[in-house]
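Undergrad: no FASTA, just this:
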């Protein structure tokens, strides 16, 4: 059974299922969901907890043994299985299918996974878990939804701020939901319930951004020049490797160029997006970017990326050396502005 995160509390108030699966790369939300399941399990008498972590030396027989063995005190127990890589392997996949088919009614099992890629989601063991478990797939909180998320979190602690303050917080916690959570909690400690002023928020909130090089393309595709500038400056300030940033940006430009060229030959955009394995939030950003950008613009952008690569490697003459970070920024702005 698929369950939305916002429906978890209502579900737990009614019943406790024998098997839960949480899959997400949004670590804060995954942790909070797991904590709610643990709390409910304790309240219903599952006093013993056994935690298994799938590492290189892990033996899948341990999971089956944990499910069959009784608690030391004869109580029901909570079994937690953590698969940090999301790749249980052939033996693990088979063990998970067997486990899902023979659940012990005296236990509750919680399996936590990172966000699974498209190919893994089609595997037999995932299908078995989806059929047997309460399956909670928690999506990332995208940048466009972050202000709403912040506002809801503030409302939960009976505080509110204006949109300028929410945007200020969102900008400072770019790519770091846990940091956003901590800053919101700090506001509850510093100030009473009610509406807070911008100066109060500004004084309290730190610049805790942890810029993700792979989120940079979101700003470029969406045409958000201000965010693009902020992220490139942040990546530079955090000491991110310039070749990695350039590679991520160039790959996105190359993909845009291939799709745009295919569309110019009469191929359907939808088919091209599938061909290049683009779906979900990225697909929603890609389509308007393709409408905005012209084929010659993308061709020149890819040529500029090649020149920046030469800058990084020190292969250009000193007279044309320039600053590679600045050149990268100008390249990103060219694509963002179309």
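TA: Yep, it's here. The shown structure was predicted, so the numbers you read here are calculated from the model rather than taken from an experiment. Numbers count the residues shown, from 1 in each chain.
Undergrad: In the protein, where is pLDDT below threshold?
TA: Scanning the chain for pLDDT under 70 picks out 69-75, 175, 207, 209-210, 316-322.
Undergrad: And the longest helix seen in it, what does it pack against?
TA: Scanning the chain for the longest helix, with DSSP state H as the assignment, gives helix 242-264. Under the contact criterion of 3 or more CB pairs under 8 Å, 6 or more residues apart in numbering; DSSP states H and E, helix 242-264 touches helix 216-222, helix 269-275, helix 281-292, helix 295-313, helix 324-337. Just so you know, the C-beta spots here come from the backbone N, C-alpha and C atoms, and that holds for glycine as well.
Undergrad: could you redo the ones you listed as TSV and give each row mean neighbour count and distance to residue 234?
TA: TSV is the format used below for the helices and strands packed on helix 242-264 (neighbours: other CB atoms under 10 Å; distance: least, CB to CB, whole Å):
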stretch	mean neighbour count	distance to residue 234
helix 216-222	23	10
helix 269-275	14	29
helix 281-292	16	20
helix 295-313	16	19
helix 324-337	19	12
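Undergrad: among the ones you listed, which is nearest residue 247?
TA: For the helices and strands packed on helix 242-264, proximity to residue 247 was assessed by CB to CB; helix 295-313 is nearest, at 8.7 Å.
Undergrad: Please enumerate residues in contact with that closest one?
TA: 242-243, 246, 249-250, 253-254, 256-257, 260-261, 264, 316, 321-322, 324, 327-328, 330-331, 334-335, 338 (CB atoms under 8 Å, 6 or more residues apart in numbering).
Undergrad: Now do it against helix 242-264: the angle between them, please.
TA: 160 degrees (axes from the mean of the first three to the mean of the last three CA atoms, to 10 degrees).
Undergrad: How far does helix 295-313 sit from its chain's centre?
TA: Centre-to-centre, helix 295-313 and its host chain are 29 Å apart (CA atoms, centre = their mean, to the nearest Å).
Undergrad: and the angle for that helix with helix 324-337?
TA: Using the same axes, to 10 degrees: helix 295-313 against helix 324-337 is 170 degrees.
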